[in-house]
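J.: A predicted structure for the sequence below; I have some questions about it.
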There are 2 protein chains.
Amino acid sequence: MRRTSGYVIGVDLGGTNVRSILMDSKGRVWGRDSRESLAGQGKEATIDQIVRSVGVVLEAARSAGISRPSLLGVGIGSPGPLNTKDGIVYIAPNLPGWENVPLVRILRDKIRLPIFLENDANAAALGEWWIGAGRGVDDLVLLTLGTGIGGGIIIEGEVLHGASDTAAEVGHMIVREGGLLCNCGARGCLEAYVSATAVVARTRAAIEQERRTILKRWLGGKLDNLSSELIFRAAGEKDELSSQIVEETARFLGIGIANLVNLLDPSLVILAGGMIQAGALILEPVRKYATEYSLRASIRGVRIVPAKLEADSGTIGAAATVLKRKRLL
Amino acid sequence: MRRTSGYVIGVDLGGTNVRSILMDSKGRVWGRDSRESLAGQGKEATIDQIVRSVGVVLEAARSAGISRPSLLGVGIGSPGPLNTKDGIVYIAPNLPGWENVPLVRILRDKIRLPIFLENDANAAALGEWWIGAGRGVDDLVLLTLGTGIGGGIIIEGEVLHGASDTAAEVGHMIVREGGLLCNCGARGCLEAYVSATAVVARTRAAIEQERRTILKRWLGGKLDNLSSELIFRAAGEKDELSSQIVEETARFLGIGIANLVNLLDPSLVILAGGMIQAGALILEPVRKYATEYSLRASIRGVRIVPAKLEADSGTIGAAATVLKRKRLL
């Protein structure tokens, strides 16, 4: 077994859960914790949950005989916008009351280890680059497909942060001028077509316009129970409306990927998030459309693959952030 | 006067002209040459023109008493796609017969100096970064607005090449799914709305549909003489149709810039090319739309400015390429 050059802790801060992981520099997992974020109880409650969660994996470290000096630090993957250099979370959409929180300073005082802050989608990309689907690939883009669309960009093995830590806002790339209204206020953003919310809304509108679909029977009239999972399952059973919705979603996602490929020329595009559970049903048309809409010289050799780390990608990416900042990766 | 660490030659290889420049590492110009590319006479004729043009600035170097050992090399800015590492031009759209040309090897044998190949739009971005509008700014995007739309991206002071030297294909970013057909075969590319050709085509179509415009009188019925310069001039005189075309062009360009800002988070966007001669007439609405379509956190602090080097940007950028590859920048 290769020797480790130390141990790192990764924390994934989400609106629902706080998750922690203890890993060594070779990518082996030594401990895990997951608990509620208690986002509704305010900022302090969530910060306490982070400290408790890190406490659990620190206890795991002690049990395993890992010395305190070999703990290199704690990486925090957080929703943003945020400032990675100063360690400040400006706003966290799913964490009410989080505004200009100097998270790194607060946690440093409570945990007494070096703390590093990273945007959650950037962290996910870094995790996949380290020991996931992007292993050995130095130019890649990761898209997280969920209720929103996030992104992380790795260029020559480094996370693209941009001049003010706001790079890789993939979801707000405008792909249809004058198109559907997005939460951000603009029209025609990728997110307005490809997010789980958007997929459900389009399907629902079609059902309300009396389109025939197996979904009606499945839902028994309870349209509120409509979900993107259900729509993909119906598409898998050749339901016409659902197949059409999936095809359209894949087309927009393919266009978004084509734009990323034409601009960044990565060698790998990683798709993460619930939608990717649908497998070939979504991947095949996405690959087709991405190829159709990219320049031939740009798309040649680009692989489009599902993420590997899934549930752990946030914590592993946060742990990788520590190794990256310490120049051990 | 600061001492120079050497001299470099930059060559801008275009479909119409081959231009050369002799500069020192501090950005001072010591010689220039410009001649026809003779593209119609075939590949060898154009390569001979490059060698002759470099010969002229080499003669200027000799006259100035610059010793051969202090000449660091020759940078060639070429249309692409190309391979900067192996020095091969795969295809040069405006140079008939150029296919898989090992330009660096060919020129090295004829010129007997180190030769470095760079994509022309990348070179322009590098030139602006070195001594133009981007001086002192390490994260910037340059768009060249001409008969096509090109781009160059600088991240942390380095040109973004991507995994296969095809990065920064800004013109083929899709901004209107299902929109106008582009030369590349896809629909809705930025270039299909914003290139000089596109601007002329849209205006011409409107005139043919009997839209009132001062352009009709100016052209005296000779619609073939319609140019983007004329359209911008008419917009400057408040011609309604022309103003509308300029506004629409600015909106699409603003959307393209917003996408770049959301993805790359630069601190500067530089606009180069003929269209920018129109000044505030185009810059003001472009800034307005770029702001409207960007995320607030991303566009904050981003300046959108015209290029400074203009006619020299290609040669200066090619010269900067030599300094960059020699790690002198």
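T.: Noted; the coordinates are in hand. Small disclaimer: the values here were computed from a predicted structure and weren't measured.
J.: for A:V286, which non-adjacent residue is closest in space?
T.: A:A250 (4.7 Å; CB to CB, 6 or more residues apart in numbering or on different chains). C-beta coordinates here come from the backbone N, C-alpha and C atoms, glycine included.
J.: Provide the secondary structure category for the one you found.
T.: Three-state call for A:A250 (DSSP: H, G, I helix; E, B strand; the rest coil): helix.
J.: for A:A297, same thing?
T.: Secondary structure state of A:A297, per three-state DSSP, is helix.
J.: and for the nearest residue to it once chain neighbours are set aside, the neighbour number?
T.: Excluding the flanking residues, the one nearest A:A297 by CB to CB, 6+ apart is B:P81, at 4.4 Å. Counted with other CB atoms under 10 Å in any protein chain shown, the neighbours of B:P81 add up to 20.
J.: just for chain A, where's the confidence low?
T.: Where chain A drops to pLDDT under 70, the residues are A:1-2.
J.: which parts of it are helices?
T.: Using DSSP state H, the helices of chain A run over residues A:43-63, A:103-111, A:120-131, A:191-194, A:196-208, A:214-219, A:228-236, A:240-264, A:280-293, A:296-299, A:313-325.
J.: how about those helices in CSV, adding distance to A:S164 and mean neighbour count?
T.: Compiled in CSV, the helices of chain A are given as follows (distance: least, CB to CB, whole Å; neighbours: other CB atoms under 10 Å in any protein chain shown):
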stretch, distance to A:S164, mean neighbour count
helix A:43-63, 23, 18
helix A:103-111, 17, 17
helix A:120-131, 14, 28
helix A:191-194, 21, 26
helix A:196-208, 27, 18
helix A:214-219, 43, 16
helix A:228-236, 32, 20
helix A:240-264, 19, 24
helix A:280-293, 29, 19
helix A:296-299, 27, 19
helix A:313-325, 18, 29
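J.: quick one: contacts for the residue nearest to A:A258 when sequence neighbours are not counted?
T.: The spatially closest residue to A:A258, leaving aside those adjacent along the chain, is A:Y293, at 3.6 Å (CB to CB, 6+ apart). Going by CB atoms under 8 Å, 6 or more residues apart in numbering or on different chains, A:Y293 touches A:254-255, A:258-259, B:174, B:186.
J.: how about the residue nearest to A:A297, what does it touch?
T.: A:297, B:90-91, B:165-166.
J.: any idea how far B:A163 is from the residue of the stretch 51-200 of chain A at minimum distance from chain B?
T.: Going by CB to the nearest CB, chain B is nearest to A:G162 of the stretch 51-200 of chain A, at 2.3 Å. Distance from A:G162 to B:A163, counting by CB to CB, to the nearest Å: 20 Å.
J.: same thing with A:V137?
T.: From A:V137 to B:A163 the distance is 8 Å (CB to CB).
J.: and for these two, which residues touch both?
T.: A:S267.
J.: A:I299 contacts A:A290, correct?
T.: Yes: under the criterion of CB atoms under 8 Å, A:I299 makes contact with A:A290 at 6.6 Å.
J.: what residues are shared contacts of those two?
T.: A:258, A:261.
J.: spatially nearest residue to the residue in the stretch 201-329 of chain A positioned nearest to chain B, not counting backbone neighbours?
T.: Of all residues in the stretch 201-329 of chain A, A:D265 sits closest to chain B, with a separation of 2.3 Å (CB to the nearest CB). Once flanking residues are discounted, A:D265 sits nearest to B:G162: 2.3 Å by CB to CB, 6+ apart.
J.: relative to B:C182, how far out is the closest residue to A:N119 other than its chain neighbours?
T.: The shortest distance from A:N119 to any non-neighbouring residue, by CB to CB, 6+ apart, is to A:G80 (4.7 Å). Taking CB to CB as the measure, A:G80 and B:C182 are separated by 34 Å.
J.: before we move on, back to that, give me every residue that touches the residue of the stretch 51-200 of chain A closest to chain B.
T.: Neighbours of A:G162 in contact, by CB under 8 Å, 6+ apart: A:168, B:139, B:264-266, B:298.
J.: let's see it at 10 Å
T.: By CB atoms under 10 Å, 6 or more residues apart in numbering or on different chains, the contact list for A:G162 reads A:153, A:168-169, B:139, B:155-156, B:261-267, B:298.
J.: now swap in A:L323 and tell me
T.: A:5-6, A:8, A:10, A:23-25, A:27, A:72-73, A:75, A:116, A:126, A:130, A:329.
J.: of those residues, which is the most crowded?
T.: These, ranked by neighbours (other CB under 10 Å): first place A:G10, 33 neighbours.
J.: how close does it get to A:F252?
T.: Separation of A:G10 from A:F252 (CB to CB): 32 Å.
J.: sorry, back to before: my read: the residue of the stretch 201-329 of chain A closest to chain B touches B:N122, true?
T.: No: between A:D265 and B:N122 there is no contact under CB atoms under 10 Å: 11.6 Å.
J.: what touches both of those two?
T.: Counting by CB under 10 Å, 6+ apart, the common neighbours of A:D265 and B:N122 are B:160-161, B:165, B:167-168.
J.: turn those into a markdown table, including distance to chain A and neighbour count.
T.: Formatted as a markdown table, those follow (distance: CB to the nearest CB, whole Å; neighbours: other CB atoms under 10 Å in any protein chain shown):
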| residue | distance to chain A | neighbour count |
| --- | --- | --- |
| B:L160 | 7 | 23 |
| B:H161 | 7 | 21 |
| B:D165 | 7 | 22 |
| B:A167 | 4 | 26 |
| B:A168 | 6 | 27 |
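J.: among the residues you listed, which one sits closest to A:I276?
T.: B:A167 (25.7 Å; CB to CB).
J.: tell me the phi and psi of that closest one?
T.: Backbone torsions of B:A167, given as degrees, to the nearest 10, read phi -60, psi 170.
J.: how about it: what's its closest non-neighbour residue?
T.: Using CB to CB, 6+ apart, the closest residue to B:A167 is A:D265 (4.0 Å).
J.: quick one, what contacts that neighbour?
T.: By CB under 10 Å, 6+ apart, A:D265 lies in contact with A:139, A:155, A:295, A:297-299, A:301-302, B:160-169.
J.: cheers, nothing more for now.
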